[in-house]
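Colleague: What follows is a protein structure lacking sequence information:
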């Protein structure tokens, strides 16, 4: 019987990415597959702190090994903002958030629009210290959104080394190869397969 792993998210896009990355080795369930549990407050000042807190609290609440992530977009011209507050950068939708970002960068020249997506993953199994891995994807912030795939800031983030395409222009299998989350998952894979 395959081990069961709670991926502590309700984001269907993230769950789909993890299932593609771990294949059949682990049965991945999400928060939507379980009875409701209290949502941890993400009050850490780093991605790693938030990921560990979420994984620990969801593992304790469900009795399952739990994997949690926290990710953000770090824009150099904005001193790393929106960073750890990426999901709360502006009220409303993903579009509202990236439109605020584009407005704040309106006067920033193209060569100063460098940024990185970062993802911290934490795995809590109930045995020992949490396993934590961080993945990064480098790029630049575009002047207008491009592409219809992905979510979040994907349409305004041009990925280094991908022919000038935004993250939202990559096919899911391409994104699974180059994204910050994919890189963190690749680093975490050995911990997951040890379940």
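Modeller: In hand now; what should we look at? Please read these numbers as outputs of a predicted model, since none were measured by experiment. Numbering: from 1, shown residues only.

Colleague: Please enumerate residues in contact with the one helix or strand in the chain whose mean pLDDT sits lowest?
Modeller: Least confident helix or strand of the chain, by mean pLDDT, DSSP states H and E, is helix 12-22 with a mean of 77. The contact list for helix 12-22 (Cβ atoms under 8 Å, 6 or more residues apart in numbering) reads 7, 9, 28, 30, 32, 67, 69, 150-151, 172-173, 175-176, 179, 181-182, 185-186, 189, 192-193. Yep, even glycine has a C-beta here, placed from its N, CA and C like the rest.

Colleague: buried residues in that helix?
Modeller: For helix 12-22, a neighbour-count test (16 or more other Cβ atoms under 10 Å) marks 14, 15, 17, 18, 21, 22 as buried.

Colleague: repeat for stretch 115-132
Modeller: For stretch 115-132, by 16+ other Cβ under 10 Å, it's 115-125, 130-132.

Colleague: How far does that stretch sit from its chain's centre?
Modeller: Its chain's C-alpha centre lies 11 Å from the corresponding centre of stretch 115-132 when counted by Cα atoms, centre = their mean, to the nearest Å.

Colleague: Same question for stretch 128-142.
Modeller: 8 Å.

Colleague: So which elements touch the strand or helix carrying residue 73?
Modeller: For residue 73, the element it lies in under DSSP states H and E is strand 66-75. Secondary-structure packing of strand 66-75 (3 or more Cβ pairs under 8 Å, 6 or more residues apart in numbering; DSSP states H and E): strand 4-7, helix 47-62, strand 114-124, helix 180-193.

Colleague: if you set the cut-off to 10 Å instead, what comes out?
Modeller: Applying 3 or more Cβ pairs under 10 Å, 6 or more residues apart in numbering; DSSP states H and E, we find strand 66-75 packed against strand 4-7, helix 12-22, helix 47-62, helix 94-104, strand 114-124, strand 131-141, helix 180-193.

Colleague: Are any of the contacts of helix 12-22 buried, and if so which?
Modeller: Neighbour-count burial (16+ other Cβ under 10 Å) applied to the contacts of helix 12-22 gives 7, 9, 28, 30, 67, 69, 150, 175-176, 179, 181-182, 185, 189, 192.

Colleague: and which of those is nearest to residue 85?
Modeller: Minimum distance to residue 85 across the buried ones among the contacts of helix 12-22 is 15.4 Å, recorded for residue 69 (Cβ to Cβ).

Colleague: Just grab the bridge partners of that closest one for me.
Modeller: Per DSSP bridges, the residues bridged to residue 69 are residue 121.

Colleague: how near is it to residue 110?
Modeller: From residue 69 across to residue 110, the span is 30 Å (Cβ to Cβ, to the nearest Å).
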